[in-house]
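Participant: Just the structure for this:
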Amino acid sequence: MGLTISSLFQQLFGKKQMRILMVGLDAAGKTTILYKLKLGEIVTTIPTIGFNVETVEYKNISFTVWDVGGQDKIRPLWRHYFQNTQGLIFVVDSNDRERIGEAREELQRMLSEDELREAIILIFANKQDLPNAMNAAEITDKLGLHSLRNRNWYIQAACATSGDGLYEDMSESDMKKFDVCIVGSCNVDLISYVDRTPKIGETIEGKKFEKGFGGKGANQCVQAAKLGGKVAMIGKLGNDIFGKEYLESLKQLGINTDHVSITDEAATGVAPIIVDKDGQNSIIVILGANLLLNEDDIQKAEDIIRQSKVVVCQLEIRLETVIKTFEIAKKYSVLSILNPAPMSVKLNQNLIKFADVICPNQTEAEILCGFNVETIDDAKEACKKLLELGCRIVIITMGSQGAVVSNGHDQCEHVEIEKCSSVCDST
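Facilitator: Next up is the predicted model:
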């Protein structure tokens with residue numbers, strides 16, 4: 001995240017008068033922040049019973065801040081300040097773990113108001129100097145910020161008393177340009193449709209052949225783009241006809257390919273696929289250039305990861321590359337999601353702690369947990385096991401049984417799906 005109050009609004013609006021509403025629970029540090037911005041010094045304050053209003057000039061931007069009291073009896077009055085508000089600053093006491101749920105409820109309630117639909121949201125995770133303070137990534141999770149759709153929001157770790165986090169000069173590149181960044185594989189699918197799979201040593205006649213652009217990473221990337229997301233892809237292709245065609249297909253979908261690199265050292269990944277008359281498939285994957293995507297490539301793409309709201313990895317690339325990606329994501333409080341496929345029994349369980357969210361299927365959950373996952377109750381136990389290994393959210397897909405979701409705070413939830421009469425093609 002990392003944008004400060006000055007750079008955020010300067011970039012979005014430039015030099016003009018703005019109306020900004022600053023709210024948060026009582027004792028979060030709102031008024032201290034206001035006068036630190038206004039005067040550049042700490043001002044001894046008492047709880048704000050009504051509101052403070054100040055015009056703040058900082059570098060090339062001027063804005064009026066309404067600092068409204070946060071006592072529970074005053075909060076219902078916040079809505080009277082929503083009209084014509086262009087920016088909302090929500091201040092959180094990062095050390096107040098007991099009331100972070102209450103802060104989440106108040107923030108979500110405000111964001112449901114029509115008058116704040118277009119407002120830019122800046123969250124100050126204040127009091128970072130205290131030893132028990134939650135970091136920006138944890139605050140992001142506790143407030144449910146990643147569930148916000150079509151909202152411009154930013155979070156900044158800060159200490160109002162020292163000014164840390166209030167005055168850093170961030171560049172325009174720190175704005176979140178991408179909804180999703182996918183780091184993963186690009187494979188060309190070579191699909192043969194047959195009545196049945198041939199026996200060893202047998203040659204049979206196929207019904208149809210298709211070439212497609214696949215790979216677990218690129219599939220996720222393309223679907224996110226088709227759903228309307230702003231998407232970036234980080235991957236590696238071979239310097240061959242497949243690689244050139246693949247790169248062009250990504251560009252045509254509006255996907256950022258600045259860090260889809262070309263190598264002469266390996267061919268583009270391919271996946272010969274056989275699909276029978278029942279829609280069941282058999283797949284061989286030759287990963288090729290995908291395995292050359294390394295930590296140096298990820299380091300070069302640090303800006304892309306920083307500018308993304310979510311980063312997603314799979315396991316058709318090197319594990320070291322996945323870990324490097326998640327380390328950078330954590331550095332910038334970017335939500336990280338691991339789709340642990342294809343799963344290997346040799347997978348180091350320590351990888352799980354690097355991801356915020358892990359999304360295995362039944363088979364992958366069994367390998368990770370070491371026991372059968374056949375029922376919904378089994379999946380709930382698997383969720384507990386995976387949460388103990390260090391991730392924050394677990395989603396286990398259960399085929400026709402739907403999915404089981406757990407965030408470690410509430411009870412596991414079983415999400416059912418509509419029944420399907422038959423599978424047309426599981427490719």
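Participant: Now do stretch 105-124: distance from first to last residue.
Facilitator: Length of stretch 105-124, first residue to last, C-alpha to C-alpha, to the nearest Å: 16 Å.
Participant: likewise stretch 216-235?
Facilitator: Rule used - C-alpha to C-alpha; the end-to-end distance of stretch 216-235 is 11 Å.
Participant: Does the spatially most central residue of the chain lie in a helix or a strand, and which?
Facilitator: Residue closest to the mean C-alpha point of the chain, counted by C-alpha atoms, centre = their mean, is Val310 at 2.1 Å. Using DSSP states H and E, Val310 falls within strand 308-313.
Participant: Now do that strand: which elements does it pack against?
Facilitator: Here strand 308-313 touches strand 178-183, helix 216-226, helix 319-331, strand 335-338, going by 3 or more C-beta pairs under 8 Å, 6 or more residues apart in numbering; DSSP states H and E. For glycine as for every other residue, the C-beta is placed from the backbone atoms N, C-alpha and C.
Participant: From the contact counts, what lies against the first one?
Facilitator: It refers to strand 178-183. Strand 178-183 packs on helix 216-226, strand 231-238, helix 302-306, strand 308-313, helix 319-331, going by 3+ C-beta pairs under 8 Å, 6+ apart.
Participant: quick revisit: could you look over the helices and strands packed on strand 308-313 and pick the most buried one?
Facilitator: Of these, the one with the most neighbours on average (mean count of other C-beta atoms under 10 Å) is strand 178-183, at a mean of 26.
Participant: Tell me how many other residues crowd Glu366.
Facilitator: By the other C-beta atoms under 10 Å criterion, the neighbourhood of Glu366 contains 17 residues.
Participant: C-terminal to the helix or strand containing it, what's the next element?
Facilitator: Element membership of Glu366 [criterion: DSSP H and E] is helix 362-369. The helix or strand immediately downstream of helix 362-369 is helix 376-388, counting by DSSP H and E.
Participant: and the next element down the chain from that next one?
Facilitator: Immediately after helix 376-388, counting by DSSP H and E, sits strand 393-397.
Participant: Tell me how far that following strand lies from the chain's centre.
Facilitator: 15 Å (C-alpha atoms, centre = their mean, to the nearest Å).
Participant: Keeping just the C-alphas, turn that strand into CSV.
Facilitator: Only the C-alpha atoms of strand 393-397 are listed here, as CSV (Å, rounded to 0.1, in the frame of the first residue of the first chain):
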residue,chain,number,x,y,z
ILE,A,393,-7.6,-18.0,5.1
VAL,A,394,-8.2,-21.5,3.8
ILE,A,395,-10.5,-22.4,0.9
ILE,A,396,-10.8,-26.1,0.1
THR,A,397,-12.7,-26.9,-3.1
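Participant: For it, which outside residues touch it?
Facilitator: 356-362, 365, 373, 379, 382-383, 386-387, 403-408 (C-beta atoms under 8 Å, 6 or more residues apart in numbering).
Participant: Can you flag the buried ones in the residues you listed?
Facilitator: 356-362, 365, 373, 379, 382-383, 386-387, 403-407 (16 or more other C-beta atoms under 10 Å).
Participant: residue ranges of the helices in the protein, please?
Facilitator: 5-13, 30-39, 100-111, 136-143, 216-226, 241-252, 295-300, 302-306, 319-331, 362-369, 376-388 (DSSP state H).
Participant: where does the stretch 1-150 of the chain dip in pLDDT?
Facilitator: Flagging of the stretch 1-150 of the chain using pLDDT under 70 yields the residue ranges 1-18, 38-75, 149-150.
Participant: Which of the helices and strands packed on strand 308-313 sits closest to Ile89?
Facilitator: Smallest distance to Ile89 across the helices and strands packed on strand 308-313 (C-beta to C-beta): 21.7 Å, for strand 335-338.
Participant: Now distance to Ile89 too, for the helices and strands packed on strand 308-313, in a markdown table please.
Facilitator: Below are these laid out as a markdown table (distance: least, C-beta to C-beta, whole Å):
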| stretch | distance to Ile89 |
| --- | --- |
| strand 178-183 | 23 |
| helix 216-226 | 30 |
| helix 319-331 | 24 |
| strand 335-338 | 22 |
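Participant: Pop the domain breakdown of the protein in here.
Facilitator: Under the assignment automatic domain parsing, the domains of the chain span 5-174, 176-307, 340-427.
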